[in-house]
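> return a 3D structure for these sequence lines:
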Amino acid sequence: MKKHHFKLFIGVATGALLVLGQAFAEAASASDGFRDIRVAPGQAIADDFIEVILPFIRNHPETEEGDAGLSLDIQKDGSGYSVQIVMTGYLDDAVAGEHYRGHVIRTADGRWELLSMAVKPICARGTNVGGVCKSAPPAMFLAPGAPPASPKMCVNVAADDMLNVRSGPGTRFPVTGALSAGTCDVELTETCEGNWCQITADRVSGWVNTRYLISSN
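Below is the predicted model of the structure:
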């Protein structure tokens, strides 16, 4: 396995962890491609600063090709600190990595609390629209002459196999359902990231790898 490059940019203030400087974090909004991650008030608290952001760093991709990288930047921001985490190295079709942006404060009892966190994908292909890398459905999965919107597809897997439906565009997202071989009421939407597209079929909806779909026509 290739040796991964790990880049960690942290200053030497406040226990050699916090960088003092001009605040640059902004509120997350769809216009800049970030999606808010819900942070339950009073829950994301730890004795050490780094512990409140570890859940986001732990998901750093491990790949055997390409250069996986991680950068962490912490700066003074009013009464707290802004955090920027950029992770690259995904080999998941259109997504090359993720950019996290959050805000951490020091609580009255001297602990650390994560107040907010947002994330946007780093698009290898397609365009970031409202926090999702969007591209047109792969032309090879559309029937000749069929309109690009909502074509009907069939699941093309072995008879004893199932096609996983996931909560997001890639195998790193949890499975939320499955489609059996030969299911032919799969509606392919225009929301795609590489070979992954959002679908609806009966009572199942989510993301599937369109390599396992064929036209129902």
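> how about Lys120: what's its closest non-neighbour residue?
Beyond its immediate neighbours in the sequence, the residue positioned closest to Lys120 (CB to CB, 6 or more residues apart in numbering) is Gly33, lying 4.1 Å away. Just so you know, the C-beta spots here come from the backbone N, C-alpha and C atoms, and that holds for glycine as well.
> what's the answer for Asn156, then?
With sequence-adjacent residues excluded and distances taken as CB to CB, 6+ apart, Asn156 is closest to Ile214, at 4.5 Å.
> returning to what we had before: how about the contacts made by the residue nearest to Lys120?
Gly33 makes contacts with 120-121, 128-131, as judged by CB atoms under 8 Å, 6 or more residues apart in numbering.
> any chance of those residues in TSV, plus secondary structure, neighbour count and pLDDT?
Shown next, in TSV, are these (DSSP: H, G, I helix; E, B strand; the rest coil; neighbours: other CB atoms under 10 Å; pLDDT from 0 to 100):
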residue	secondary structure	neighbour count	pLDDT
Lys120	strand	20	86
Pro121	strand	25	84
Asn128	strand	17	75
Val129	strand	13	74
Gly130	coil	13	72
Gly131	coil	17	73
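> got TSV for the residues you listed, with distance to Val165 too?
Output for the contacts of Gly33, formatted as TSV (distance: CB to CB, whole Å):
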residue	distance to Val165
Lys120	24
Pro121	19
Asn128	23
Val129	22
Gly130	21
Gly131	20
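> could you look up the next helix or strand downstream of the helix or strand of the chain with the lowest mean pLDDT?
Lowest on mean pLDDT, DSSP states H and E among the helices and strands of the chain sits helix 13-16, with a mean of 28. Downstream of helix 13-16, the next assigned helix or strand under DSSP states H and E is strand 35-37.
> next one: phi and psi at Thr210?
When read as degrees, to the nearest 10, the backbone of Thr210 gives phi -70, psi 0.
> one step back: tell me the one among the contacts of Gly33 nearest to Leu72.
Lys120 (16.4 Å; CB to CB).
> any idea how far that closest one is from Leu114?
Separation of Lys120 from Leu114 (CB to CB, to the nearest Å): 18 Å.
> enumerate every residue touching the spatially most central residue of the chain.
What sits nearest the mean C-alpha location of the chain, by CA atoms, centre = their mean, is Pro121, with 5.4 Å. Shown in contact with Pro121 (CB under 8 Å, 6+ apart): 33, 95, 97-99, 128, 131-133, 193.
> got it, and Cys154?
Contacts of Cys154 (CB under 8 Å, 6+ apart): 182-184, 186, 213-216.
> all helices of this structure, in order?
Using DSSP state H, the helices of the chain run over 13-16, 54-57.
> OK, contacts around the residue lying closest to Leu114 once chain neighbours are set aside?
In this structure, Leu114 finds its nearest non-sequential neighbour in Ala44, 3.8 Å apart by CB to CB, 6+ apart. By CB under 8 Å, 6+ apart, the contact set of Ala44 is 52, 113-114.
> any chance of these in TSV, plus neighbour count, distance to Cys197 and pLDDT?
Converted to TSV, those look like this (neighbours: other CB atoms under 10 Å; distance: CB to CB, whole Å; pLDDT from 0 to 100):
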residue	neighbour count	distance to Cys197	pLDDT
Val52	23	35	91
Glu113	18	38	94
Leu114	24	33	93
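> show me which of the residues you listed is closest to Thr176.
Of the contacts of Ala44, the one sitting nearest to Thr176 (CB to CB) turns out to be Leu114, at 26.2 Å.
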